[in-house]
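S.K.: how would this look folded up:
(2 chains)
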There are 2 protein chains.
Amino acid sequence: MLYEYTIPASIRALTQLNACLDKAAGFADTKKVEFPVLLNSRLIADQLPMVRQIQIACDTAKLGAARLTGKEAPSHEDKESTLAEAKARIDSTIAYLNTFKPEDFKGAEERKVTTPRWEGKWLTGLEYAQHHVLPNLYFHVTTAYAILRANGVDIGKKDYLGAMPYKN
Amino acid sequence: MLYEYTIPASIRALTQLNACLDKAAGFADTKKVEFPVLLNSRLIADQLPMVRQIQIACDTAKLGAARLTGKEAPSHEDKESTLAEAKARIDSTIAYLNTFKPEDFKGAEERKVTTPRWEGKWLTGLEYAQHHVLPNLYFHVTTAYAILRANGVDIGKKDYLGAMPYKN
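M.R.: Residues are numbered from 1 along each chain as shown, chains lettered A, B, ... in the order given. All right, here's what the predicted structure looks like:
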């Protein structure tokens, strides 16, 4: 069940972030703004710029899946400086998430999860997914969205949510 | 398990939103800004103001719990215009969420969920929680946070996440 809790939601969130970047690219073209200007935009000076929001969103999803399943995540260098590089970072993360299967998450709820920053402290897998992975993922995706929105990019909540799998 | 998926996360997110409003109240006092100015702030003109972000975050959590369990949610009038009213709206929503027990969610994953807006279409409870409730909840909480942040309120991601239940 922790697979269902994290993987489809992470893939959807990053796919929609990519769609927002595509709209932002159209906006930048129209306004004759170099795309790195948007990548380096912030809501306020003491906040991380959009490119860091993208990188952290990707790493939250990637490390979340790896730590919940006891695997080693591939590393990324955080040196994206163009639209193509930012999109490639997201695509690479989505491809990694797609390698996971529900059975990889067997026992994940009770797994002791820790990170180098936590100095030996730990959370159960369920707590980590619930109180760390998803809130952080959505926080950074929404903050990237907010930075684009504040710049006037024509995106709305549907671009963030994506199409719902409605049934009739 | 859908209880674990939605209720503790919703309570935590709204509790932290309330904590952010407390910091915003201190900021407003110091800057001699009337609190409703913050409630009516937006990142850009064609976006909903902070008070609507708070109301929608509350309703997303409230209606999510009600629809997943087949209950009727209490209604709120969306007329908050002061700090005390905004905080009371959040507190009332948290109190409602606290009435739910894991057994209320029996069968919730397969339950057909619909809303008046969906014109007869539906999602399974799992899809609704995964692709609608949590992404919307975190979207509106983070957007409220972003509006405060852009105004210079001294909040950071820890105020949004809250204390992790670390174990040694």
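
S.K.: can we go C-alpha only for contacts and neighbour counts from here?
M.R.: Noted.

S.K.: Surely A:Glu110 touches A:Glu127?
M.R.: No - using Cα atoms under 8 Å, A:Glu110 and A:Glu127 do not qualify as a contacting pair, with a distance of 9.1 Å.

S.K.: So between these two, which is more surrounded?
M.R.: A count of neighbours by other Cα atoms under 10 Å in any protein chain shown puts A:Glu127 above the other of A:Glu110 and A:Glu127, at 22 against 13.

S.K.: what sits up against the helix or strand harbouring the more buried one?
M.R.: Per DSSP states H and E: A:Glu127 is located in helix A:125-128. The contact list for helix A:125-128, computed with Cα atoms under 8 Å, 6 or more residues apart in numbering or on different chains, reads A:Leu2, A:Leu68, A:Ala108, A:Glu109, A:Glu110, A:Arg111, A:Lys112, A:Val113, B:Pro165.

S.K.: what about the most centrally placed residue in chain A, distance to A:Gly156?
M.R.: Geometric centre of chain A, nearest residue: A:Ala57, 2.9 Å, by Cα atoms, centre = their mean. Separation of A:Ala57 from A:Gly156 (Cα to Cα, to the nearest Å): 19 Å.

S.K.: Contact partners for the closest residue to A:Ala24 other than its chain neighbours?
M.R.: Distances taken as Cα to Cα, 6 or more residues apart in numbering or on different chains put A:Val153 closest to A:Ala24, at 5.8 Å, once the chain neighbours are dropped. By Cα under 8 Å, 6+ apart, the contact list for A:Val153 reads A:Lys23, A:Ala24, A:Phe27.

S.K.: Which pLDDT value goes with A:Met1?
M.R.: What the model reports as pLDDT for A:Met1 is 85.

S.K.: Could you measure from it over to chain B?
M.R.: 8 Å (Cα to the nearest Cα, to the nearest Å).

S.K.: May I have the phi/psi pair for A:Lys106?
M.R.: Backbone torsions of A:Lys106, given as degrees, to the nearest 10, read phi -60, psi 130.

S.K.: quick one: the residue nearest to A:Ala24 from A:Ile147, how far?
M.R.: Going from A:Val153 to A:Ile147 by Cα to Cα gives 9 Å.

S.K.: Likewise for A:Glu80?
M.R.: A:Glu80 is 17 Å from A:Ile147, by Cα to Cα.

S.K.: Show me which of the two is the more surrounded one.
M.R.: Just comparing A:Glu80 and A:Ile147: by other Cα under 10 Å the higher neighbour count belongs to A:Ile147, 23 against 19.

S.K.: The more buried one should be in a strand, yeah?
M.R.: No - if the criterion is DSSP: H, G, I helix; E, B strand; the rest coil, then A:Ile147 is helix and not within a strand.

S.K.: hang on, A:Leu161 packs against B:Pro135?
M.R.: Yes - contact status for A:Leu161 versus B:Pro135: in contact at 7.0 Å, counting by Cα under 8 Å.

S.K.: Looking at the two, which one has more neighbours?
M.R.: Between A:Leu161 and B:Pro135, counting by other Cα under 10 Å, B:Pro135 is the more crowded of the two (23 against 18).

S.K.: That one touches A:Tyr138, doesn't it?
M.R.: Yes - with contact defined as Cα under 8 Å, B:Pro135 counts as touching A:Tyr138 (6.7 Å).

S.K.: Can you show me the strands along chain A?
M.R.: Here chain A has its strands, by DSSP state E, at A:112-113, A:123-124.

S.K.: does the first one come close to chain B?
M.R.: No - with Cα under 8 Å from any Cα of the partner chain as the criterion, chain B is not reached by strand A:112-113; the gap is at least 9.5 Å.

S.K.: Show me the contact partners of that strand.
M.R.: A:Arg67, A:Leu68, A:Trp122, A:Leu123, A:Thr124, A:Gly125, A:Tyr128.

S.K.: In these, which residue is surrounded by the most others?
M.R.: Counting neighbours by other Cα under 10 Å, A:Leu68 leads these with 27 neighbours.

S.K.: From A:Glu85, how far off is it?
M.R.: Relative to A:Glu85, A:Leu68 is positioned 27 Å away (Cα to Cα).

S.K.: so A:Leu83 touches A:Pro36, yeah?
M.R.: Yes - taking contacts as Cα under 8 Å, A:Leu83 lies within contact range of A:Pro36: 7.4 Å.

S.K.: what residues does chain A put near chain B?
M.R.: Counting by Cα under 8 Å from any Cα, chain A sits next to chain B at A:1, A:5, A:9, A:43-44, A:120-123, A:127, A:130-132, A:135-136, A:138-139, A:142-143, A:146, A:149-150, A:152, A:161, A:164-168.

S.K.: May I see the buried residues of the lengthiest helix in chain A?
M.R.: Secondary structure of chain A per DSSP state H: the longest helix is helix A:2-31. With burial defined by 16 or more other Cα atoms under 10 Å in any protein chain shown, the residues of helix A:2-31 counted as buried are A:2-7, A:9-21, A:23-25, A:27-28.

S.K.: chain center to stretch A:45-60, what's the gap?
M.R.: Mean-position distance between stretch A:45-60 and its chain equals 9 Å (Cα atoms, centre = their mean, to the nearest Å).

S.K.: who touches stretch A:58-66?
M.R.: By Cα under 8 Å, 6+ apart, the surrounding residues in contact with stretch A:58-66 are A:6-7, A:10, A:14, A:72-73, A:89-90, A:93, A:96-97, A:100, A:129, A:133, A:136-137.
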